[in-house]
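> pasting the structure only:
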């Protein structure tokens, strides 16, 4: 209702998100306006995810094209923010020009998919324990009451767990790597790794090999390919895997001697 006040952006956004969920459409943030010094919001707008139209000029000359999902939908809300940081609804249009999502599929809408921190930590612990992420995702889903759904997809879970792993690396990449290699050594007695440091103590290169890779080399070591075309751009290093071909004609990794990263 026009004139409704909210104490924060979170409350204002959730209010429209709940409305969109009930109606059957996804939403996203749109335009906003700030004070001249850029320190405070004056206006913020949320629109239907199908607002606007695909820019045909930007697609010219591309060798591929994506399916057009924008329909020019006019559904939107606009909030005015005062000096007390109160969010007041001053505009609301409920005009749709597209089909609304059926009730049984609304939990899959992009704006409705929210993965809780507790779920991410649970999934990550399951993966660290050797349980596949897909199976862990199903375990979470089976714990719900009949008819309920997880408010996110398997892909969302994969992205969230991947982001958590990256954060762990950010807190000490080399230390985390060595701890990971030590854990792999404990799980696989035939696992082997080594690393070299430069003159100032920084890791310069490292390599590792699983026990299975050694066995594969003993059986299929007639042909070994050394490839240096892979590059990790974040650390400006080259990844050099040894690969081979088994009796089914399948390519697999053979780390018979080294699998190392070295400075470019």
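Nice, thanks for sending it over. The structure presented is a predicted model; accordingly, all values stated were derived computationally and were not measured. Residues are numbered from 1 along each chain as shown.
> what pairs with the residue lying closest to residue 33 once chain neighbours are set aside across the strands?
Excluding its sequence neighbours, the residue lying closest to residue 33 (Cβ to Cβ, 6 or more residues apart in numbering) is residue 43, at 4.3 Å. Where C-beta positions appear, they are placed from N, C-alpha and C, glycine not excepted. Taking DSSP bridges as the rule, residue 43 bridges to residue 33, residue 80.
> pretty sure residue 43 is touching residue 87, no?
No - contact between residue 43 and residue 87 fails when scored by Cβ atoms under 8 Å: they sit 9.9 Å apart.
> Quickly list what's touching both of those two.
Residues touching both residue 43 and residue 87 (Cβ atoms under 8 Å, 6 or more residues apart in numbering): 79-81.
> Reformat those as TSV; add pLDDT, distance to residue 108 and neighbour count.
Supplementary listing: the shared contacts of residue 43 and residue 87 in TSV, determined by pLDDT from 0 to 100; distance: Cβ to Cβ, whole Å; neighbours: other Cβ atoms under 10 Å:
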residue	pLDDT	distance to residue 108	neighbour count
79	95	27	26
80	94	32	16
81	93	32	22
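> export these to TSV and tack on distance to residue 207?
Output for the shared contacts of residue 43 and residue 87, formatted as TSV (distance: Cβ to Cβ, whole Å):
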residue	distance to residue 207
79	55
80	60
81	55
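> Could you single out the nearest of the residues you listed to residue 95?
Closest to residue 95 out of the shared contacts of residue 43 and residue 87 is residue 79 (18.5 Å), distances taken as Cβ to Cβ.
> so what's residue 109 up against?
Applying Cβ under 8 Å, 6+ apart, the residues near residue 109 are 20-21, 24-26, 101.
> Right, I'll leave it there.
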